[in-house]
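Q: sharing a model that was predicted from the sequence below.
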Amino acid sequence: MSKDDYGVKIPRASTVPSVGSEAQLRAHLAALSGVDAAGAEARAAKLATRSIKKSTKLAAIDLAISMVDLTTLEGADTPGRVSSLCAKALRPDPRDLTVPSVAAVCVYPDLVAHARSVLAASPVAVASVATAFPSGRASFNVKLLDVHEAVVAGANEIDMVIDRGAFLSGRLGQVFDEVVAVKEACGEAHLKVILETGELVTYDNVRRASWLAMLAGADFIKTSTGKVAVSATTPVALVMLEAVRDFAETTGRIVGVKVAGGIRNTKDAMKYLVLVNETVGSTWLTPDLFRFGASSLLNDLLMQRLKQRRGAYVRPDGFSGD
Amino acid sequence: MTEKKLANSQLGSLEYDPAPESASIARLKPSYGLFIGGSFSDPSKHEQFVTLNPANEEVLATVAQASAGDVDAAVAAARHAYETAWSKTTGAERSKYLFRIARLIQERARELAVVETLDNGKPIRESRDVDVPLAAAHFFYYAGWADKLDHAGFGADPRPIGVAGQIIPWNFPLLMAAWKLAPALAAGNTCVLKPAETTPLSALILAEILQQADLPPGVVNIVTGNGTTGAALVDHPGVDKIAFTGSTNVGRLIQQRVASSQKRLTLELGGKGANIVFEDAPIDEMIEGIIDGIFFNQGHVCCAGSRLLVQESIADEVLRRLVRRVEQLRVGDPMDKNTDVGAINSAAQLARIQELTAFGEREGATRYTSSCVLPEKGYWFAPTIFADVSQSHRIAREEIFGPVLSVLTFRTPEEAVAKANNTNYGLACGVWSEKGSRTLWVAQRLRAGVIWANTYNRFDPTSPFGGVRESGFGREGGRHGLEAYLNV
């Protein structure tokens, strides 16, 4: 065996099984291995003790910045606030042009057109939440229209929510069909499927929902909306990373992971990067396949970046508020 | 999707810069005397031997070789302390001393972790997160028992035994000292402790802590040395009880030597633990459990899950994932906070591991060895898995005490139980399944002192630990651990 064979083996041809019926889907999900909660939490906690220092830290901070979906999802959002967010996304630290741009800005559908016009032809993507975010409680047609309008307004990425009520009550076919339909409505746009793991509660559910979303065509699976009490946690991210790894090894299709909600500082971000590094490896260590949905995280990353270079902290007010 | 993305994904491609803990935190002295009667003797009065850092073969310090006369002095000090002080001390008073020791271990945790890693070769992450916190936890736990012995289930006012001679191994030097001392002191005994020849230093730091705690002189005495010191302690007529943790061969010798005496004896010996994996096990956590079961502490664990019994239907998948995971283990400088597997404790142990693994290849097992780069100096052995092992192979029967896993397969629960029990040892087993009824069915039929379900190598002071058959007798930890030090 060569060193290369020890990693995650991804077959060249993509062979995602087609799901013909709810019974077939149910059988697929039931065949997945269970998750031992104590074991998963212990593994995540152990990886959290990795010590990231010096040049590794600098490289990891820049990587994390490039993976941020800079997010504002408030009722009080304004075009002005979104403009400011877009400026920050393009040049997170205007004094230092070596800081990479973030991956995307994430806004409500009505602000997509504005964000798109500010970002113009830059590589920073516009992501929009849709499908009656954050609750997912709307009729199927309303959800599809929500997606369609965001795509027409110029969204490159759609963050949809699954119907947790349907999933938890066992209507798996309904959840599956919705993801398939939304994926179709997305057209060229990338689809991130929000599982809202805080409402799924068990790791077994997280694993099954991850597979359901991937089988239905998700480009990304995402932990949370950030709007419920429990958002991303490291054990949940671990279970989802294991799911994308096993899915890639079985089907050849590579799905990304986005962790969102509650990730506020560099230390947290480093923990997630370690999880990615040691669970799925090099392929996923790119903004194409791993994202942080966050707002305040970016400023802490910038602050730690300067600290690593200058040896002293800059006061938080040294960075713009958005 | 780009071509690059279709390539296999390399795990651990984000290189971690070295994150070494500072060796100066250890504050080691150049030489140590013996701790007898509450003070350290002058090192120059004893023959000295060196203790090495197994990761680079550098000398850490010289340590006194206790003679038969020194052991005699230590036992006399323990007897004097027992009769004049400790047996007259109330349980509540003893409890206060134990709490104080526990807190001092916590206060000096970083120093103890560094000393342990330097002397033993285990990764600093393990000494920091496992050895030292568990050692403190043992003192805390037995501190709670000291004034409640009436309620321990051994009748009213159970009495201590007297002077305990305690001989501990090199794999968890500080933790084993805590396992021995805490229950003995809580029950009202005094102790003479002999640390292992290759790892005496953390016990000597513990001696400093006992001084700091104002423990009455002679209640604990620490005599360093080789096997002759241990033999002198075992043979000493003034010792009422011997507690030994170590190899089955030495345990057998000790049992012979105390057979004609009044001495009580508890033995915690070797093992060849079976980790039994059913096809419905939670696979990701199970892989971690197998890895932790055999590579924790370089496999220098008496209860290590050194035999993997895997159900035939998932054998290939489990082996593939195990090999991938082994390749990911970070082997190297034990002082680096990101190291997973450290150095083998001694040249002698390394030779034993090399001998047995060479046999494994000769007997026809398939060998997978991590491609990690080993340091040039020091004692190192790359994590290794043997597949296609059969029951008759030496690597399936003998305790290797190193980072070497033997993989066997089974088809039915009956076969799994039969294979797991087909050993002279009986210390620990693991059962992995999501089906509780089967786990219990298997657990009831396993001949082992400890059985873990869906986990492995978890220790807690409240839980009794010990073996059956050639893994020894007597229990340490929990209420059961008091029995070994009470006249019941």
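A: Arrived safely.
Q: show me what the helix ranked longest in chain A is packed against.
A: Ranked by residue count, the top helix of chain A under DSSP state H comes out as helix A:234-251. Under the contact definition 3 or more CB pairs under 8 Å, 6 or more residues apart in numbering or on different chains; DSSP states H and E, helix A:234-251 sits against helix A:37-47, helix A:203-215, strand A:220-222, strand A:256-260, helix A:266-279. (C-beta placed from N, C-alpha, C; glycine too.)
Q: which of the ones you listed sits most buried?
A: strand A:220-222 (a mean of 26; mean count of other CB atoms under 10 Å in any protein chain shown).
Q: what residues does that strand touch?
A: Outside of strand A:220-222, the residues within contact range by CB atoms under 8 Å, 6 or more residues apart in numbering or on different chains are A:159, A:190-195, A:210, A:213-214, A:240, A:243-244, A:255-260, A:289, A:291, A:293.
Q: can we see that at 6 Å?
A: Contact partners of strand A:220-222, identified using CB atoms under 6 Å, 6 or more residues apart in numbering or on different chains, comprise A:192, A:193, A:194, A:210, A:213, A:240, A:256, A:257, A:258, A:260.
Q: average pLDDT for that strand?
A: Averaged across strand A:220-222, pLDDT comes to 98.
Q: strand partners (parallel or antiparallel) of that strand?
A: In its sheet, strand A:220-222 lies beside strand A:190-194 (parallel), strand A:256-260 (parallel), with partners assigned from DSSP bridges.
Q: save those strands as CSV, and put in mean pLDDT and distance to residue B:17 too.
A: Formatted as CSV, the entries for these read as follows, by pLDDT from 0 to 100; distance: least, CB to CB, whole Å:
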stretch, mean pLDDT, distance to residue B:17
strand A:190-194, 98, 32
strand A:256-260, 98, 24
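Q: TSV for those strands, including distance to residue B:131?
A: Output for the strands paired with strand A:220-222, formatted as TSV (distance: least, CB to CB, whole Å):
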stretch	distance to residue B:131
strand A:190-194	42
strand A:256-260	33
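Q: quick check: which of the ones you listed is nearest to residue B:248?
A: Closest to residue B:248 of those, according to CB to CB: strand A:256-260, at 48.5 Å.
Q: any idea of the angle that closest one forms with helix A:203-215?
A: Using axes from the mean of the first three to the mean of the last three CA atoms, to 10 degrees, the direction of strand A:256-260 lies 130 degrees away from that of helix A:203-215.
Q: what does strand A:256-260 contact?
A: The list of residues contacting strand A:256-260 from outside it, by CB under 6 Å, 6+ apart, reads A:192, A:220-224, A:226, A:232, A:237, A:240-241, A:244, A:272, A:289-291, A:293.
Q: now do stretch B:326-334
A: A:6, B:11-12, B:55, B:117, B:121, B:123, B:338-343, B:370, B:372, B:383.
Q: what's the most distant pair in those?
A: Farthest pair in the contacts of stretch B:326-334 (CB to CB) is A:6 and B:117. Separation: 27.7 Å.
Q: about what we covered before: tell me which residues of the longest helix of chain A come out buried.
A: When burial is assessed from 16 or more other CB atoms under 10 Å in any protein chain shown, helix A:234-251 yields the following buried residues: A:234-248, A:251.
Q: list just the nearest of the contacts of stretch B:326-334 to residue B:321.
A: Of all these, residue B:321 sits closest to residue A:6, with 10.7 Å by CB to CB.
Q: correct me if wrong: the closest one contacts residue B:324.
A: Yes. Taking CB atoms under 6 Å as the contact criterion, residue A:6 and residue B:324 are neighbours in contact, 5.2 Å apart.
Q: comparing the two, which residue is more hemmed in?
A: residue A:6 (23 against 17; other CB atoms under 10 Å in any protein chain shown).
Q: ok, and the closest non-adjacent residue to the closest residue to chain A within chain B?
A: Residue nearest to chain A within chain B: residue B:285 (2.9 Å; CB to the nearest CB). If the residues on either side of it in the chain are set aside, residue B:285 comes closest to residue A:39, at 2.9 Å by CB to CB, 6 or more residues apart in numbering or on different chains.
Q: can you pick out the most distant pair from the buried residues of helix A:234-251?
A: In terms of CB to CB, the buried residues of helix A:234-251 reach their longest pairwise distance at A:234 and A:251, which sit 25.7 Å apart.
Q: tell me the one of the contacts of stretch B:326-334 nearest residue B:482?
A: Among the contacts of stretch B:326-334, and counting by CB to CB, the member closest to residue B:482 is residue B:117, at 31.2 Å.
Q: contact partners for that closest one?
A: When contacts are taken as CB under 6 Å, 6+ apart, residue B:117 is in contact with B:124, B:127, B:334.
Q: relative to the whole chain's centre, how far out is the helix or strand in which it is found?
A: Under the criterion of DSSP states H and E, residue B:117 resides in helix B:109-120. In this view, helix B:109-120 has its centroid 15 Å away from the chain centroid, taken as CA atoms, centre = their mean, to the nearest Å.
Q: in it, what counts as buried?
A: For helix B:109-120, burial by neighbour count (16+ other CB under 10 Å) applies to B:109, B:110, B:111, B:112, B:113, B:114, B:115, B:116, B:117, B:118, B:119, B:120.
Q: and what of stretch B:351-365?
A: Residues of stretch B:351-365 classed as buried: B:352, B:353, B:356, B:357, B:360, B:363, B:365 (neighbour count, 16+ other CB under 10 Å).
Q: if anything else comes up later, I'll come back, but that's it for now.
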